[in-house]
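[1] turn this into a structure:
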Amino acid sequence: MDRLIDHRMLHKTTGEVDSEPLQSSPEWWRQPAGHGMRCDVTIVALSYMVIEAQRAAKLLERFGIACSIFDPLWIRPLPCLPAVAADVARTKRLLVVDCGWPTYGFSAEVVAGVAERTAIEKVARMGFAETVCPTSHSLEALYYPTAETIAAKAYEMVTGEKMPAIEKNGAAPEVEGFRGPF
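    Reported below is the predicted structural model:
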């Protein structure tokens, strides 16, 4: 049985919903690269991290860097893996952004699955800091990946350099009023 991945930061998210069934397209999990078919880095993001990856892609456009973003919706089975591997075959760069710790989980499986199918020159995984979830808002900002940290990692993977400083727009709307961890 397929189950969707849910994250508490998604609960107050609003937006347009496509009236077509999700699986009406053969690649429903892929979002187009920012600059047509040219793509510099492949990003696989899970759950709430898809929103942050989309924001990161907009930041990267300022520097002329285009991303393909894959949103698998569920992790078992992982039907997008062949398409991810095909995209990585072009970009040679894979960044997986998880809503969990990067070790021993989803991101490790995606990296392994892609590596079994194609060559990767640069690979990185991002997720929660390897510690317990903090209960203060200021520490949560260091715990979760953000659009800025995702963009910085992708920029470094593409250029080999640190990303120039960018103006921060404050906390994401979903995080702004959130008080966690539960």
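[2] and the residue nearest the centre of the chain?
    Against the mean C-alpha coordinate of the chain, by CA atoms, centre = their mean, the closest residue is Ala45 at 2.8 Å.
[3] give me the buried positions along stretch 102-122.
    Buried residues in stretch 102-122, counting neighbours by 16 or more other CB atoms under 10 Å, are found at 102, 105-107, 109-111, 113-114, 118, 120, 122. In this view, the C-beta of every residue, glycine as well, is placed from N, C-alpha and C.
[4] want to throw the residues you listed into a markdown table with secondary structure?
    Shown next, in a markdown table, are the buried residues of stretch 102-122 (DSSP: H, G, I helix; E, B strand; the rest coil):
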| residue | secondary structure |
| --- | --- |
| Pro102 | coil |
| Gly105 | coil |
| Phe106 | helix |
| Ser107 | helix |
| Glu109 | helix |
| Val110 | helix |
| Val111 | helix |
| Gly113 | helix |
| Val114 | helix |
| Thr118 | coil |
| Ile120 | coil |
| Lys122 | strand |
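[5] just the closest of these to Leu139, please.
    Distance to Leu139 across the buried residues of stretch 102-122 (CB to CB) is lowest for Pro102, with 18.3 Å.
[6] find me the pLDDT at the closest one, would you?
    On the pLDDT scale, Pro102 is placed at 87.
[7] then the one 5 residues further on?
    Confidence per residue is given as pLDDT, and for Ser107 that number is 94.
[8] what about it, distance to Met126?
    According to CB to CB, to the nearest Å, Ser107 stands 8 Å off from Met126.
[9] so what sits against both of the two?
    Jointly contacting Ser107 and Met126 under the rule CB atoms under 8 Å, 6 or more residues apart in numbering are 96-98.
[10] pick the one among those residues closest to Glu167.
    Val97 (21.9 Å).
[11] residues near that closest one, how many?
    28 (other CB atoms under 10 Å).
[12] that one touches Tyr48, doesn't it?
    No: using CB atoms under 8 Å, Val97 makes no contact with Tyr48, being 9.7 Å away.
[13] circling back: my guess is the residue nearest to the centre of the chain meets Ala53, correct?
    Yes: the criterion here is CB under 8 Å, and Ala45 meets it with Ala53 at 3.9 Å.
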